[in-house]
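# got a predicted structure here, sequence first:
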Amino acid sequence: MQFLITGAAGFLGSALANRLANEGQSVRGLDDLSTGDPNVLSPDIHFTRGDINDRPKLWTLLQGVDCVYHLAARVLVPESVLYPREYNQVNVGGTVTLMEAMRDVGVRRVVFISSGAIYGDQETQPLREDATPRPRSPYAVSKLAAEYYVRTIGQLWGIETVCLRVFNAYGPGQHMPPVHAPVIPAFLRQASLNGTLIVHGEGTQTRDYVYVDDVVNAMAAAATAPDVDQHIINVGTGQEVSIRELVRLALEVTGGDPEVVYNPRNDRGPAHMCADLTLARQKLGYQPQTLLEEGLRKTLELDLRLR
Ligand code: NAD
């Protein structure tokens, strides 16, 4: 098959691109390199630097493509609170531009990488895909709006659409910005260096941490799975882990002795997040393989920056 991956130089995009290329698939990648790094991509991938809102570039890159994976996005929740317009432009506007270009060229399927963040606070866990979304940040709103655009434009123009709501993904190669770094690489790094682990709130909030290889398995399956058109499917592990437990695991796998600081005043996000995987199992044959402790050890071993 011929694939186009947007956001191909990012954490999840590059893992997917390399996997597909290793399997002998033909892969094109697009990324503006605002945070991504093209050096991590296999030389078999045809990489183009460009913006997701560049329609002429998309028209060219989409020629002959069977399936598009759409991952290009701004991804930091706290940053989206400061710059909602930018998040709207890239995450929503970019998705609409891509869908329009796919319509013009005639592509069969798009797999959109959405986020568990759209659920926000919910009464019941695990979270099923039919829960009413309660986004709490411009990032979450942008992913939800993008889901609606993908499904609506897809339905209007006969493009098959699959939206994967990925929960907290982690693993080697995760982008680590100087501020607002995702919790797992931040904890592993600080614990390894005997630095400081900052816990927001009481540390009782739970998240569903899913290893990158498992996310890639789900994404790979979504390109060819039958009967998935218009579906929204969770991708996580079905296990919720508290931040306190994550601190314990970070200390265990690194053997470090960092200072752990609690910051009770900071917004700690939704209290609980755990994916219901019934649909993922049914539709994608998805079963997460990597337990958190094993995933943390692999991340530490493979990610040079964290050692
Ligand atoms: P990432 O930042 O590593 O990847 C995003 C990529 O998009 C980057 O390489 C960046 O350079 C590129 N990009 C940003 N703006 C662009 C633009 N205007 N044009 C072209 N490319 C642009 O983040 P990631 O964690 O790999 O996330 C990939 C996708 O998965 C995103 O859509 C994100 O919302 C989604 N997602 C990630 C997680 C997670 O835990 N990592 C969870 C849920 C959903």
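Structure received.
# next, the buried residues of stretch 170-180.
By 16 or more other CB atoms under 10 Å, the buried positions in stretch 170-180 come out as Tyr170, Gly171, Pro172, Gly173, Gln174, His175, Met176. C-beta: built from backbone N, CA, C; applies to glycine.
# check contacts around the second one.
Neighbour list for Gly171: Phe11, Ala15, Tyr211, Val212, Asp213, Gly295, Lys298, Thr299 [criterion: CB atoms under 8 Å, 6 or more residues apart in numbering].
# for it, which non-adjacent residue is spatially closest?
Spatially, and ignoring its direct neighbours in sequence, Gly171 is nearest to Val212 (3.1 Å; CB to CB, 6 or more residues apart in numbering).
# what residues are up against the closest residue to Thr35 other than its chain neighbours?
For Thr35, ignoring the flanking residues on the chain, the nearest one in space by CB to CB, 6+ apart is His175 at 5.0 Å. Each residue near His175 by CB under 8 Å, 6+ apart is listed here: Gly10, Phe11, Thr35, Gly36, Val75, Pro182.
# now those residues as CSV including distance to the ligand, neighbour count and pLDDT?
As requested, the contacts of His175 are exported to CSV (distance: CB to the nearest ligand atom, whole Å; neighbours: other CB atoms under 10 Å; pLDDT from 0 to 100):
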residue, distance to the ligand, neighbour count, pLDDT
Gly10, 2, 28, 98
Phe11, 3, 26, 97
Thr35, 4, 16, 96
Gly36, 2, 23, 96
Val75, 4, 25, 97
Pro182, 7, 18, 92
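# report the two of those residues separated the most.
Greatest spatial distance among the contacts of His175 (CB to CB): Gly36 and Pro182, at 15.1 Å.
# that older thread, could the buried residues of stretch 170-180 go into CSV alongside pLDDT, secondary structure and distance to Met102?
Formatted as CSV, these follow (pLDDT from 0 to 100; DSSP: H, G, I helix; E, B strand; the rest coil; distance: CB to CB, whole Å):
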residue, pLDDT, secondary structure, distance to Met102
Tyr170, 98, strand, 30
Gly171, 97, coil, 29
Pro172, 96, coil, 31
Gly173, 93, coil, 27
Gln174, 93, coil, 28
His175, 87, coil, 26
Met176, 86, coil, 32
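# and the residues you listed, which is closest to Lys57?
His175 (22.8 Å).
# ok, back up a step: which of the contacts of His175 fall in helices?
Phe11 (DSSP state H).
# can stretch 50-57 be said to contact the ligand?
Yes - with CB under 6 Å from any ligand atom as the criterion, the ligand is reached by stretch 50-57 at Asp51, Ile52.
# that should have said stretch 16-25, apologies.
No - contact between stretch 16-25 and the ligand is absent, the nearest approach being 9.1 Å (criterion: CB under 6 Å from any ligand atom).
# do stretch 121-136 as well
No - judged by CB under 6 Å from any ligand atom, stretch 121-136 stays clear of the ligand, getting no closer than 12.6 Å.
# report the buried residues of that stretch.
Buried residues in stretch 121-136 (16+ other CB under 10 Å): Gln122, Gln125, Pro126, Leu127, Glu129, Ala131, Pro133, Pro135, Arg136.
# so which of these sit within helices?
Going by DSSP H, the helices hold none of the buried residues of stretch 121-136.
# as CSV, the residues you listed with pLDDT and distance to Leu188 would be great.
Below are the buried residues of stretch 121-136 laid out as CSV (pLDDT from 0 to 100; distance: CB to CB, whole Å):
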residue, pLDDT, distance to Leu188
Gln122, 97, 29
Gln125, 97, 26
Pro126, 98, 26
Leu127, 98, 26
Glu129, 98, 31
Ala131, 98, 31
Pro133, 98, 31
Pro135, 97, 28
Arg136, 95, 26
